[in-house]
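In: this one's sequence-less:
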């Protein structure tokens, strides 16, 4: 049997006021879109997490994961990613185990340290403690899922002889994300796989595997892709440009690409697309670029694309999904099988 790569969709559930619709309708139409996308042939759906955002960027990805699980039958559901540094790791393990049980083992938990100081302050955590919060949190979640006594004493957490029940019957993979060398090496050392963003860090991850004494065959990459794929990608980029600009500038303001205030916002959509993580691909370019990437990195098990830009009408994102599903994915699957 040849190689199988999952292709999926990435959601942040942003609903900015400028383009906003009532949140109940927004959630319902997005869940309908995900169910429809499964029928198109998408293999996975990925959720991410932030807090206290005016646009509603989802603070509750595990709740959404459960809802998606009830609307789908085959799709894998994962988080790319959750901020383990802001959660009680036992509660996170319990909720993730419940999602795994509800979905018949179709769930994987992806986590990272986070970077937005406001969130840490609000949850009574310190940004400087991110590495130890993640490392200890990962260990506690693993112990919880095995059903063994937590019995953990560390710098950040102390739990006695308690057990989490019920445990998942199909243990989720615990994936770790990062964009700088140290967190990517940590993902290689501690994680069951690496969550990448915009193609950043694949080689660093392979270096981290070697540094951790692991073979390259032990690696797994789950690649979040920022390409805009359309029959006329330049025209598509112009059409959704305001939404794209909003997306990337919010991340810039939060400090995703460097300390807040030190990295300038993009002045307009063309500049954001040219100098951000975005790429513009036709179907032929997407097939060529994806096939090349997948052959170069046999560790890649999943590639997922932004399903909707913030505030973009649902029909708009659905049109790109249909183009991907019909014009790109069958060809890539054939070429890498």
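Out: Looks like it came in fine. Source: prediction; values computed, not measured. Residues are numbered from 1 along each chain as shown.
In: how about the residue nearest to residue 178 when sequence neighbours are not counted, phi and psi?
Out: Leaving aside its chain neighbours, residue 178 sits nearest to residue 184 (4.5 Å; criterion: CB to CB, 6 or more residues apart in numbering). C-beta here means a position set from N, CA and C on the backbone, and glycine is covered the same way. Dihedral angles of residue 184 (phi, psi; degrees, to the nearest 10) stand at phi -70, psi -40.
In: Just the element for residue 224, please.
Out: Using DSSP states H and E, the element containing residue 224 is strand 221-225.
In: And the residue nearest to residue 254 when sequence neighbours are not counted, how far from residue 256?
Out: Using CB to CB, 6+ apart and skipping residues adjacent in sequence, the residue nearest residue 254 is residue 116, 4.8 Å away. Remark: distance between residue 116 and residue 256 (CB to CB, to the nearest Å) = 8 Å.
In: returning to what we had before: within the sheet, what are the partner strands of the strand holding residue 224, with directions?
Out: Take DSSP bridges as the rule and strand 221-225 pairs in its sheet with strand 193-197 (parallel), strand 300-306 (parallel).
In: of residue 116 and residue 256, who's got more company?
Out: When residue 116 and residue 256 are compared for neighbours, residue 116 comes out ahead with 21 against 16, by other CB atoms under 10 Å.
In: Pull the contacting residues for residue 279.
Out: Contact partners of residue 279, counting by CB atoms under 8 Å, 6 or more residues apart in numbering, are 226, 227, 228, 289.
In: so which of those residues comes closest to residue 38?
Out: Within the contacts of residue 279, distances to residue 38 taken as CB to CB reach their minimum at residue 227, with 21.1 Å.
In: who's in contact with that closest one?
Out: Contact analysis of residue 227 by CB under 8 Å, 6+ apart lists 278, 279, 280, 281, 286, 289, 305.
In: Neighbours of residue 151, how many?
Out: Residues lying near residue 151 (other CB under 10 Å) number 12.
In: Residue 158 is in contact with that one, correct?
Out: No. Proximity of residue 151 to residue 158 does not meet the contact threshold set by CB atoms under 8 Å, at 10.0 Å.
In: and residue 245, what are its phi and psi?
Out: phi -60, psi -40.
In: For residue 221, see how far away residue 128 is.
Out: The gap separating residue 128 from residue 221 is 29 Å, by CB to CB.
In: which of the two has more neighbours?
Out: Remark: of residue 128 and residue 221, residue 221 carries more neighbours, 23 against 9, as counted by other CB under 10 Å.
In: Look at the more buried one and report its pLDDT.
Out: Confidence at residue 221, expressed as pLDDT, is 98.
In: what's near enough to touch residue 169?
Out: Residue 169 neighbours (CB under 8 Å, 6+ apart): 100, 101, 105.
In: ok, now how distant is residue 153 from residue 135?
Out: 14 Å.
In: more crowded one of the two?
Out: Remark: of residue 153 and residue 135, residue 135 carries more neighbours, 18 against 9, as counted by other CB under 10 Å.
In: Would you agree residue 21 is in contact with residue 14?
Out: No. If you go by CB under 8 Å, residue 21 and residue 14 don't touch, sitting 11.8 Å apart.
In: Have a look at these two and say which one is more surrounded.
Out: Neighbour tally, residue 21 and residue 14, criterion other CB under 10 Å: the higher count belongs to residue 14, 25 against 13.
In: what's the strand or helix carrying residue 68 in contact with?
Out: Using DSSP H and E, residue 68 sits in helix 61-71. Helix 61-71 is contacted by residues 11, 13, 31-32, 34-35, 45, 47-49, 58, 75, 77, 79, 82, 95-96, 98-99, 102-103, 106-107 when judged by CB under 8 Å, 6+ apart.
In: Would you list the buried entries among these?
Out: Among those, those classed as buried by 16 or more other CB atoms under 10 Å are 11, 13, 31, 34-35, 45, 47-49, 58, 75, 77, 79, 82, 95-96, 98-99, 102-103, 106-107.
In: Just give me the residue right at the centre of this structure.
Out: residue 80 (1.9 Å; CA atoms, centre = their mean).
In: mind listing what's buried in the helix or strand residue 319 falls within?
Out: Per DSSP H and E, residue 319 falls inside helix 314-323. For helix 314-323, the neighbour count (16+ other CB under 10 Å) marks 314, 317, 318, 320, 321, 323 as buried.
In: ranges for the strands of this protein?
Out: Using DSSP state E, the strands of the chain run over 6-11, 44-47, 76-79, 82-83, 107-112, 152-153, 158-159, 174-177, 193-197, 221-225, 227-229, 279-281, 300-306.
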